[in-house]
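S.K.: can't give you the sequence, but here's the structure:
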């Protein structure tokens, strides 16, 4: 979506304290895995919204907009991670926001917006937070178990 968002959730401070007790090399990976899991409802919803066809496809041999919506991994380090849901299709923003239809030097009207990404995010925010927190908690717990000295 291009915008960076900071999201907080119940239990987030406790998870943050626990995460900071882990070795630096594990933290970014746990953050990223948690965000990928949290992003899945948005990716799925956005793909289902973009799937609706409104006419014949110009290039039926190419991948559809819906099938191009992916979760992209961005930078990560010990204190933050970036995960984006979106597409690399060059016309996606025209679908999301609408555009003027221009042929030559004539404007022939406005092509309406068919938002797929913003509504998917807006309607799934709570599930994103819940999944992110759940996966982060499980990953932190697993990491502590792996790092704990083995009892004999």
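M.R.: Arrived safely. It should be emphasised that the depicted structure is a prediction, and the values quoted were computed from it without experimental measurement.
S.K.: now stretch 138-150, how far from the chain's geometric center?
M.R.: 27 Å (C-alpha atoms, centre = their mean, to the nearest Å).
S.K.: mind listing the helices for the chain?
M.R.: For the chain, the helices defined by DSSP state H cover 12-20, 24-50, 65-68, 92-97, 117-147.
S.K.: And those helices: which comes nearest residue 77?
M.R.: helix 24-50 (5.2 Å; C-beta to C-beta). C-betas here are computed from N, CA, C, even on glycine.
S.K.: Could you identify which of the helices of the chain is most buried?
M.R.: Looking across the helices of the chain with neighbours counted as mean count of other C-beta atoms under 10 Å, the highest average goes to helix 24-50: a mean of 19.
S.K.: Which elements pack onto that helix?
M.R.: In terms of contacts (3 or more C-beta pairs under 8 Å, 6 or more residues apart in numbering; DSSP states H and E), helix 24-50 is packed against helix 12-20, helix 65-68, strand 70-76, strand 81-86, helix 117-147.
S.K.: These into CSV, with extra columns for mean pLDDT and distance to residue 95?
M.R.: Output for those, formatted as CSV (pLDDT from 0 to 100; distance: least, C-beta to C-beta, whole Å):
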stretch, mean pLDDT, distance to residue 95
helix 12-20, 83, 34
helix 65-68, 92, 6
strand 70-76, 95, 16
strand 81-86, 94, 12
helix 117-147, 92, 9
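S.K.: between those, which one is nearest to residue 96?
M.R.: Nearest to residue 96, of the helices and strands packed on helix 24-50 and by C-beta to C-beta, is helix 117-147 at 5.8 Å.
S.K.: Pull the distance from that closest one to the chain's centre.
M.R.: Distance of helix 117-147 from the chain centroid (C-alpha atoms, centre = their mean) equals 12 Å.
S.K.: isn't residue 41 right up against residue 131?
M.R.: Yes. Here residue 41 reaches residue 131: they are 7.0 Å apart, a contact under C-beta atoms under 8 Å.
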